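Chemist: what follows is a predicted structure for the sequence shown.
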Protein chains: 2
Amino acid sequence: MSLQHALLGVLEARPMNGYELTRFFEAAPRWVWSAPHSQIYPTLRQMEQAGLIEGQQEIRGTKLRRMVYSITERGLEELRTWVGSGHAAPPVRDAFFLQALFFDMVEPERAASVLGTYIAEQEKLIAEWRAHSEALLAKETDLLKERLKNRPVAEHDRIAKLKAHVFAGQIAVAQARADWARESLRLLAEDGAAGREDA
Amino acid sequence: MSLQHALLGVLEARPMNGYELTRFFEAAPRWVWSAPHSQIYPTLRQMEQAGLIEGQQEIRGTKLRRMVYSITERGLEELRTWVGSGHAAPPVRDAFFLQALFFDMVEPERAASVLGTYIAEQEKLIAEWRAHSEALLAKETDLLKERLKNRPVAEHDRIAKLKAHVFAGQIAVAQARADWARESLRLLAEDGAAGREDA
DNA sequence: TATGCCATGTAAGTCGTTACATGATTAG
DNA sequence: CTAATCATGTAACGACTTACATGGCATA
């Protein structure tokens, strides 16, 4: 159900149509959730039927229609309830750690190459999230600006800090992964050397 | 496809039946992958058809049958190929960070309670993984003992270290999450105080 | 003889991926 | 006029969840 809550969370800032939401959820500098448009459009219709959001049709030009969805009172309530209550953690399922568990089955060079790619990926994510986190702290993102319009000015700093901190969390996790991968590289090198000495 | 590779990785240590694999993948002290038996049994039959594993039927008592699966040469090859090559990272999708992104919408006390539960969960995972990591380093787990039987003694330490290190990675990530959650608690407390001062 | 473990299944439904498909509008 | 962008869909498939379902074996 998380996609629904993600959509509610975005629509809480301002009304949007499916296309805008799609750009948001398919965006390259990734956010905390992602989804393709093929999932977003049907979900929006579902949510409208459930009364969580309301669609308003608009016409651009003569024929190009778009449905602009806004969050309803029920949607807000659902979002607040979900955010305020605990949810069971999803089962552990990490394909990369699974792969790493069998690195002893391949030549160290191949494992090292896989690790190198992984580190680069994590670094890229870190860079994107860092930029986003800083933009939030500076209250420079479009969505945050919209969101703050409905909040008392006294709370603006608090809200910006809290949101930025979430991305700091993503960064911390990615950093832990990257650091671990670098240690793995060292471990592989050591072992490789030891292996050669023994041989 | 990761479940298939997880199964191959376990069966590389020794032949097992669906029930044993199920206990492994549904185990409370979680591993790096999990799956219910309703997913495991059909997957095993699929993998047998694909020639990745081979089933041998055994009878306990008079009627109780069980299929003991062993990895085939093709399965080994598939596993090695998969382990040795890079795979695109799955899209970012973290329900807890998503939830945290909207903590400003609920009372700080509720957010704090959600964070508290989260921290406890992470700590529990850390404890389980720590125990598992230490058992691996000491070469005390059943599966590792089986696995090492087919490897040169000179490599035993290396293999144990590599496997244990994967769980150290899971621990590092969980630790990063827990630390982040603790910082979040501090941030919420600060803000709460500031909010009350302002009011 | 009853409880707990061994052992294996099916089925319905949700979530997510990938590919296919269509057409309007705008800016250069 | 043509390419990029706006805008919205469908369909098939695979992965995972949850619930339902059955029966044998061992031991107390």
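Modeler: Ah, there it is.

Chemist: neighbours around whatever residue of chain A ends up closest to DNA strand C, how many?
Modeler: Proximity of chain A to DNA strand C (C-beta to the nearest atom of the strand) peaks at A:G61, 2.3 Å away. Yep, even glycine has a C-beta here, placed from its N, CA and C like the rest. When neighbours are counted by other C-beta atoms under 10 Å in any protein chain shown, A:G61 registers 6.

Chemist: now it: how far from B:G75?
Modeler: 58 Å (C-beta to C-beta, to the nearest Å).

Chemist: what do you get for A:E58?
Modeler: 56 Å.

Chemist: which SS class is the residue most central in space within chain A?
Modeler: Nearest residue to the geometric centre of chain A (C-alpha atoms, centre = their mean): A:V32, 1.5 Å. Recorded secondary structure, A:V32: coil (DSSP: H, G, I helix; E, B strand; the rest coil).

Chemist: domain parsing for chain A?
Modeler: A:2-83, A:95-198 (automatic domain parsing).

Chemist: the residue nearest to the centre of chain A: what's it in contact with?
Modeler: A:6, A:166, A:170, B:92-94, B:97-98, B:101 (C-beta atoms under 8 Å, 6 or more residues apart in numbering or on different chains).

Chemist: follow-up on the earlier one: which one's more surrounded, A:E58 and B:G75?
Modeler: Legend: neighbour count by other C-beta under 10 Å for A:E58 and B:G75, higher for B:G75 (24 against 11).

Chemist: element containing that one, please.
Modeler: Using DSSP states H and E, B:G75 sits within helix B:73-84.

Chemist: need the mean per-residue confidence for that helix.
Modeler: Helix B:73-84 carries an average pLDDT of 98.

Chemist: other SSEs contacting the helix or strand just after that helix?
Modeler: Reading on from helix B:73-84 to the C-terminus, the next helix or strand found by DSSP H and E is helix B:95-100. Applying 3 or more C-beta pairs under 8 Å, 6 or more residues apart in numbering or on different chains; DSSP states H and E, we find helix B:95-100 packed against helix A:2-11, helix A:156-198, helix B:108-137.

Chemist: 7 Å instead?
Modeler: helix A:2-11, helix A:156-198 (3 or more C-beta pairs under 7 Å, 6 or more residues apart in numbering or on different chains; DSSP states H and E).

Chemist: in stretch A:180-191, what counts as buried?
Modeler: Residues of stretch A:180-191 classed as buried: A:180-181, A:184, A:187-188, A:191 (neighbour count, 16 or more other C-beta atoms under 10 Å in any protein chain shown).

Chemist: what lies in contact with that stretch?
Modeler: Applying C-beta atoms under 7 Å, 6 or more residues apart in numbering or on different chains, the external contacts of stretch A:180-191 come out as A:100, A:108, A:111-112, A:115, A:118-119, B:158, B:161-162, B:165, B:169, B:172.

Chemist: could you do stretch A:155-173 as well?
Modeler: A:32, A:126, A:129-130, A:132-133, A:136-137, A:139, A:144, A:148, A:151, B:97, B:100-101, B:103-104, B:173, B:176-177, B:180, B:184, B:187, B:191, B:194-195.

Chemist: would you mind listing the buried residues in it?
Modeler: A:155, A:158-173.

Chemist: quick one: mean pLDDT for it?
Modeler: 98.

Chemist: CA atoms of it as CSV?
Modeler: Output in CSV follows, covering the C-alpha atoms of stretch A:155-173 (Å, rounded to 0.1, in the frame of the first residue of the first chain):
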residue,chain,number,x,y,z
GLU,A,155,7.3,25.6,11.7
HIS,A,156,9.0,26.1,8.4
ASP,A,157,12.5,25.5,9.7
ARG,A,158,11.4,22.4,11.7
ILE,A,159,9.7,20.9,8.7
ALA,A,160,12.6,21.5,6.3
LYS,A,161,15.0,20.0,8.9
LEU,A,162,12.9,16.9,9.3
LYS,A,163,12.5,16.3,5.6
ALA,A,164,16.2,16.9,4.9
HIS,A,165,17.1,14.5,7.7
VAL,A,166,15.3,11.7,6.0
PHE,A,167,17.6,12.0,3.0
ALA,A,168,20.5,12.2,5.4
GLY,A,169,19.3,8.8,6.5
GLN,A,170,19.3,7.4,3.0
ILE,A,171,22.8,8.8,2.6
ALA,A,172,24.0,7.2,5.9
VAL,A,173,22.7,3.8,4.7
